[in-house]
Each structure stands twice: as C-alpha cells, then as structure tokens.
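Engineer: dropping a prediction and its sequence here:
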Amino acid sequence: MDLTTKYLGLELKNPVVVSASPLSQNVADVKKLEDAGAAAIVAYSLFEEQITHESGELDHFLSHHAESYAEATSYFPEPETFVTGPYEYLDHIANLKKAVGIPVIGSLNGVSAGGWVDYAKSIQDAGADALELNIYYVATDPDLTSKEVEDMYIETIEAVKKNLNIPVAVKLGPFFTAFANFAKRVDNAGADGLVLFNRFYQPDFDLEKLEVVPHLELSGNWEMRLPLRWLSILHGNVKADLAATSGIHTGTDVIKIMMAGGKVAMMASELLKNGTDRVSGVITEIKEWMEEKEYESIQQMQGSMSQKSCAEPASFERANYMKTLQSYRA
C-alpha cells in the first residue's frame, strides 16, 4: 500500500510528521525519529525576541511591564530560559540536515512585521527545506480591533514570504471571529500550508509565592476534534496544504486527519510520553487499518470526509451542534 503524501511541495514517505518540540533539540534523537519512520521533522521554534534583543535588552524588555507589581515579573521568562540563541539555531538546522535524510522544517515564532523576519532567509540558507511560521499573539488591548489583529498577521506573512524561496507554512490559533475567512486571507497572502492549531498555554497562580507559574500539559486525544473540524471545512476552499497538530496520538487519529483533508498529521505529546519508537507503532496501525478497509493509498482517503460536498456547511454545523447537545444521556 502507498503511504506517501505531498506537503509543502515535499514528497513524504508517510503523513506522520514530528511537530516543533524538544524532540528536535538533539541530533541523535532526530536520527532515532527518522529510523522509527517519521517522514519529516519541524525543529523547535526560534523566538522573535531572541533575534531582536541582546540578553540585557531582552531582560529589560520582559521585565518592563512589572514596575507596579513585583508578582507580574513571573509572567516573563529570563533570557537564559531560552535553549539557544539565533546563531546556534542556524548551526543546529545545518547539523540536522547533515545527519538525516528526511526534510527538516525550521520554525520561527513571532508576531510583528519587524526586521526579525529577515532571519527567515538565514534559516533557508542554513539548509531548511521549509519554514513553519508560528504566529502566537494574544490580543489583550480592548481598543485593538479584530481587523487590526488580522492585518498584523497578514503583514508578517507577506514580509516572510517576500524573503524566501522555500515553502512557508503558517501555524495559527483558532481564536478568530470568522476563521474560514481569515484562513482564506492567509492563503491569499501566499502561505503554502496552514497548520491547525497553535495551543494557547494558560498560566496558573501560586498563591503561596504570589507568582504566575507556567502550566504545561501534554495534549489529550480529545483536542484533535477542533483541527479535525476546521480541516474538514477548509478542504477544497484554500489552495494551501492543510496540516493538523494537537491531540494526535494513534494511527486512527492520523487517518481521521487524512479523511478531513489533511496532507500530514503532526505529533509530539505522544512521542514525549512514549518515546521515539512510538512512530513505528503509529505507522503500523495506519497500515493495518488500510488493509482491513481495503485502502490502497493515503491519497485515496484525503478529504473523503470533508464538507466540500456539503451545499450548506453552516447549516450542517448547526444541525450537528443541536444533535450533539441532545445526544447526552445521564
């Protein structure tokens, strides 16, 4: 059976891609992921702040907003918290490309359209096969309109695309008023791929120390439903390749993503919990399901359960909403 798929113009041996995470910090670990069957890897993210500020300036920048309440300083990381600086990141990309044969996708995490976007070309020059632009912004200013926020995203995407010859995927969060329209705008801005979705991490309070503490939980399987829904809606409505991340843990999950219209399924939490060898187990589960259901290829199933053939997707969503609420039985 044929497990191949095409994502960002890259021919991949299967749809299982390792998403940006600590799994890519060590070259030896990436080689293990390749040996286990991973089709590509997205390197951990390099942050805008790491590029645009020297350590002393970054420390001032991150602490600047806390002059009134000392407790607020714990919202922001210390400069030494970051794994590497920008130059070390470029060396790491180059070393990964030398060590493995699978595509290596660089990752930039930022939001503004400032000079840091020029650094995308440096990642390209280091050998990255593609770039994932991870735009993470929480609009907390009540005077900032949704259009202004969306325009800021589009400006950043256009600025990055202008500098690169390699494909660019944009990783987005789900919190937009009309996500389908915004996805179309991102598509029109030149994005070669859309990655759904960025997880917004919620902090917690330590009431003993009066500090804000980071609270990271690895994804659960149920979180896959949100990207699954939007992949199904967007398939056939955007030119960009679609990828899903968050909540993908099994071969069955990967197949669902394909059915919705995804080109690849990205995973990290499952591998962080159960080790790099879990990739081979997921691929085996995909093969077994395809054999049982008599599917000959991944491409045969891609988009087969999307809403492309539904005349009124909004009515379909509303009907499913009503049906779901009424289906519960105590």
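Structural biologist: Great, that's in hand.
Engineer: show me where the stretch 1-150 of the chain has strands.
Structural biologist: The residue ranges that make up the strands of the stretch 1-150 of the chain, judged by DSSP state E, counting those that start in this stretch, are 5-7, 10-12, 16-18, 40-42, 46-47, 104-110, 130-135.
Engineer: what mean pLDDT does the first one get?
Structural biologist: When you say that, I think you mean strand 5-7. The average of the pLDDT scores along strand 5-7 is 98.
Engineer: likewise for stretch 88-97?
Structural biologist: Stretch 88-97 shows a mean pLDDT of 96.
Engineer: buried ones in it?
Structural biologist: Using 16 or more other C-beta atoms under 10 Å as the test for burial, stretch 88-97 gives 89, 90, 92, 93, 94, 96, 97. Just so you know, the C-beta spots here come from the backbone N, C-alpha and C atoms, and that holds for glycine as well.
Engineer: before we move on, back to that, which stretch in the strands of the stretch 1-150 of the chain has the least confidence?
Structural biologist: Ranked by mean pLDDT, these end with strand 46-47 at the bottom, a mean of 86.
Engineer: double-check that residue 318 belongs to a helix.
Structural biologist: Yes - note on residue 318: a helix contains this position according to DSSP: H, G, I helix; E, B strand; the rest coil.
Engineer: local confidence estimate at it?
Structural biologist: Model confidence at residue 318, expressed as pLDDT, equals 73.
Engineer: again with residue 63
Structural biologist: Residue-level confidence at residue 63 comes out at 47, pLDDT.
Engineer: next: residue 256.
Structural biologist: Confidence per residue is given as pLDDT, and for residue 256 that number is 97.
Engineer: correct me if wrong: residue 47 contacts residue 107.
Structural biologist: No - at 9.8 Å, residue 47 and residue 107 do not qualify as touching, with contact defined as C-beta atoms under 8 Å.
Engineer: find residues that contact each of the two.
Structural biologist: Contact criterion C-beta atoms under 8 Å, 6 or more residues apart in numbering; no residue bridges residue 47 and residue 107 by contacting each.
Engineer: compare the two (neighbour count), which wins?
Structural biologist: Here residue 47 and residue 107 are set side by side on neighbour count (other C-beta atoms under 10 Å), and the busier one is residue 107, at 25 against 21.
Engineer: against residue 257, how distant is the more buried one?
Structural biologist: When C-beta to C-beta, to the nearest Å is the yardstick, residue 107 and residue 257 sit 20 Å from each other.
Engineer: could the strands of the stretch 1-150 of the chain go into a markdown table alongside distance to residue 300?
Structural biologist: Compiled in a markdown table, the strands of the stretch 1-150 of the chain are given as follows (distance: least, C-beta to C-beta, whole Å):
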| stretch | distance to residue 300 |
| --- | --- |
| strand 5-7 | 11 |
| strand 10-12 | 16 |
| strand 16-18 | 17 |
| strand 40-42 | 21 |
| strand 46-47 | 37 |
| strand 104-110 | 25 |
| strand 130-135 | 25 |
